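Enquirer: Requesting a structural model of the entry that follows:
(one chain, ligands or ions: 1)
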Amino acid sequence: MELIGIFGGTFNPIHNGHLVLAKTVLDTLHCNQIRFIPSAIPPHKAIPAVTARHRANMVQLAIADHPEFILDTCELDRQGPSYTIETLHLLRKRLPDQSLCLIMGQDSYLKLPTWHRWLELLDYCHLLVVHRADAEQKLQLHTEHQNRLVNIAHAAEQFTENAHGFISYLPVTPPDISSTRIREALGQREIASVPGIPDKVLYYIKANHLYQS
Ligand code: ATP
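Expert: I've put the predicted structure just below:
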């Protein structure tokens, strides 16, 4: 079965941590594609000052050189909070014969029990949790997931043989970057000197006067 990576985020803005994470997952799991899905209204964060359309445009610029990376704007067309379970429901209809793998950093995984209908996620997809350098807590699998764990060495095989239902942990650490720190730097410094973000995205930010204090 084809394996599709689903990478949701606020991408406010997208940064090199996101890109290295996606490339590492692509290479480790041999995914056929990774779909970047910017959230319109993130359920667990303050509503971003930068519109979802601008955030999606920055994702498009950042991934343009990677043929396996696709921008999926399905959450931009919905009303209300962008619940991942609803996105997965939609993707399952669109991609009935593919295996889906939801990708997330360790910080997001630890907060999973606060997500809407989180126990149903594995009915739609696999989960791949990626180590994060600035994670405040050590990774511990939620009890409900303990019998679903697959060693990363076998994840590619298990994930392609089954359409959903398993979880694995990738102990590789993407660069220690966060959108929060990038936004802070953009508000304080000359835009061209902010590291950790692709040049094309920096030009877009400058041209559209985003993140200026
Ligand atoms: P913010 O600082 O605004 O909270 P963020 O940098 O965490 O944003 P998001 O768009 O919220 O970026 O992240 C999307 C997903 O990517 C999340 O699952 C997050 O855990 C993961 N992620 C983002 N940056 C990294 C990183 N540097 N290392 C590992 N995972 C990351």
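Enquirer: who does the residue lying closest to Glu68 once chain neighbours are set aside bridge with?
Expert: Closest residue to Glu68 apart from its sequence neighbours, by Cβ to Cβ, 6 or more residues apart in numbering: Gln33 at 5.0 Å. Heads up, the C-betas are built off the backbone N, CA and C, glycines and all. Each beta-bridge partner of Gln33 is listed here, defined by DSSP bridges: Ile4.
Enquirer: Looking at Gln33 now. What's its pLDDT?
Expert: Residue-level confidence at Gln33 comes out at 98, pLDDT.
Enquirer: Pretty sure it sits against Phe7.
Expert: No - using Cβ atoms under 8 Å, Gln33 and Phe7 do not qualify as a contacting pair, with a distance of 10.4 Å.
Enquirer: Between the two, tell me which one has more neighbours.
Expert: More crowded of Gln33 and Phe7, by other Cβ atoms under 10 Å: Phe7, with 24 against 17.
Enquirer: helix/strand/coil for that one?
Expert: Secondary structure, DSSP: H, G, I helix; E, B strand; the rest coil: Phe7 is strand.
Enquirer: burial count for the residue lying closest to it once chain neighbours are set aside?
Expert: Beyond its immediate neighbours in the sequence, the residue positioned closest to Phe7 (Cβ to Cβ, 6+ apart) is Ile103, lying 4.7 Å away. Other residues within reach of Ile103, judged by other Cβ under 10 Å, total 28.
Enquirer: residues in contact with the longest helix along the chain?
Expert: For the chain, the helix with the greatest residue count under DSSP state H is helix 16-29. Around helix 16-29, the neighbours that count as contacts under Cβ atoms under 8 Å, 6 or more residues apart in numbering are 3, 5, 7, 9, 11, 31, 34, 36, 62-63, 66, 68-69, 101, 103, 105, 128, 130, 152, 155-156, 159, 170, 172, 174-178, 196-198.
Enquirer: So is it next to the ligand?
Expert: Yes - figure legend: helix 16-29 in contact with the ligand (Cβ under 6 Å from any ligand atom); contacting residues Gly17, His18, Leu21.
Enquirer: Tell me the residue of the chain that sits nearest the ligand?
Expert: Here the chain gets closest to the ligand at one residue, Gly105, 2.1 Å apart by Cβ to the nearest ligand atom.
Enquirer: sorry, back to before: list buried members of the contacts of helix 16-29 by neighbour count.
Expert: Under a neighbour-count criterion of 16 or more other Cβ atoms under 10 Å, the subset of the contacts of helix 16-29 counted as buried comprises 3, 5, 7, 9, 11, 31, 34, 36, 62-63, 69, 101, 103, 105, 128, 130, 155-156, 159, 170, 174, 177-178, 197-198.
Enquirer: does Leu102 count as helix, strand or coil?
Expert: With three-state DSSP as the basis, Leu102 sits in strand.
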